[in-house]
Structure formats: C-alpha cells, structure tokens
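Visitor: Show me how the following folds:
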Amino acid sequence: MLASNVLNLLEARGISRKDASAMLRSMGFNSPITKAIMSGRRQNFTLHEIEILCIHLHCTPSDLFIYQPERHHKLPPDHPLLRIKSGKPLPKLSKTIASLPVELLNKLQEYADSLQQPPQP
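Guide: I've put the predicted structure just below:
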C-alpha cells in the first residue's frame, strides 16, 4: 500500500514539528488536515495538495509517498512501485551539519551551491 512520506521529508529538511505545522497551515492546509498529516494518518491527498506540497518541499510526487508491500501483492522485482519502497530513512543533515567544524561548513556550502547550478553544456 502507498503511505505518506511527508513527515519524513519535513524531518529530513530539519523542520521541527512546530514549524512543520505552521508551514502546512501557511500552504493553505486547514487545521484538521494539518493534524492528520502531522500524525501520519492522512491517507488521501488531492492532486492540488500534492502539487502544493511538491512546490513547497521542492520534491516530486513520488517523494511524498512510500510503498509498503502487502503480503497478498506479489510484484515482480522490476516493478516501478518498488523504487519508492520504504527502507533506508532519509538523511537528517541538520544534525550532521551542526557537528561539522567551521572550516568544513564553507566547503559544504560551496558543494551545495554547485549542486544548484545548471549543468554546463
């Protein structure tokens, strides 16, 4: 079955639960939907909600979901759903960055900047 991966994305981006709730509200999610997302109970997302989340979290729709195989669904090993199978957790870079020495922070910033530049032809 497909399940929401929104909380993991927020956590991986170093967004606290308090800030995440405020962020979801600022995106236009009402209080009950925000609470459902924050509790992991939100199962149904409209296409508009998926689009809003992707815009604000800078991700694709497939990043918002994980696939949790059920026993009665036998998929071939090359099935595309298995590409979003849960397993390895998203990195929590904020903790890693906080522990880096200052001299490495500049190198990290340079590398991050290079990742955001368009590829040279």
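Visitor: So what touches the lowest-mean-pLDDT helix or strand in the chain?
Guide: Least confident helix or strand, the chain: helix 93-98 with a mean of 78, by mean pLDDT, DSSP states H and E. By C-beta atoms under 8 Å, 6 or more residues apart in numbering, the list of residues contacting helix 93-98 from outside reads 12-14, 105, 108. Quick note: C-beta positions are derived from backbone N, CA and C, even for glycine.
Visitor: what separates that helix from the chain centre, distance-wise?
Guide: 17 Å (C-alpha atoms, centre = their mean, to the nearest Å).
Visitor: quick one: the helices in the protein?
Guide: 6-12, 17-26, 31-39, 47-57, 93-98, 102-116 (DSSP state H).
Visitor: What mean pLDDT does the longest one get?
Guide: Right, the one you point to is helix 102-116. The pLDDT scores in helix 102-116 average 87.
Visitor: which parts of that helix are buried?
Guide: Within helix 102-116, no residue is scored as buried using 16 or more other C-beta atoms under 10 Å.
Visitor: what's it in contact with?
Guide: Residues contacting helix 102-116 (C-beta under 8 Å, 6+ apart): 97, 100.
Visitor: The second one too?
Guide: Surrounding helix 17-26, the residues in contact under the criterion C-beta under 8 Å, 6+ apart are 7, 10, 15, 31, 33-34, 37-38, 56.
Visitor: do the same with the first one
Guide: Residues outside helix 6-12 that contact it (C-beta under 8 Å, 6+ apart): 20, 23, 37-38, 40, 42, 53, 57, 59, 63-64, 66, 89-93.
Visitor: do the third one as well
Guide: If you take C-beta under 8 Å, 6+ apart as the criterion, helix 31-39 is touched by 4, 6-7, 17, 20-21, 24-25, 29, 42, 49.
Visitor: Quick one: buried ones out of the residues you listed?
Guide: For the contacts of helix 31-39, buried by 16+ other C-beta under 10 Å: 4, 6-7, 20-21, 24, 29, 42, 49.
Visitor: on that earlier part again, would you list the contacts of helix 93-98 in CSV and tack on distance to Ser99?
Guide: What follows is the contacts of helix 93-98, written out as CSV (distance: C-beta to C-beta, whole Å):
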residue, distance to Ser99
Ala12, 16
Arg13, 18
Gly14, 13
Leu105, 11
Leu108, 12
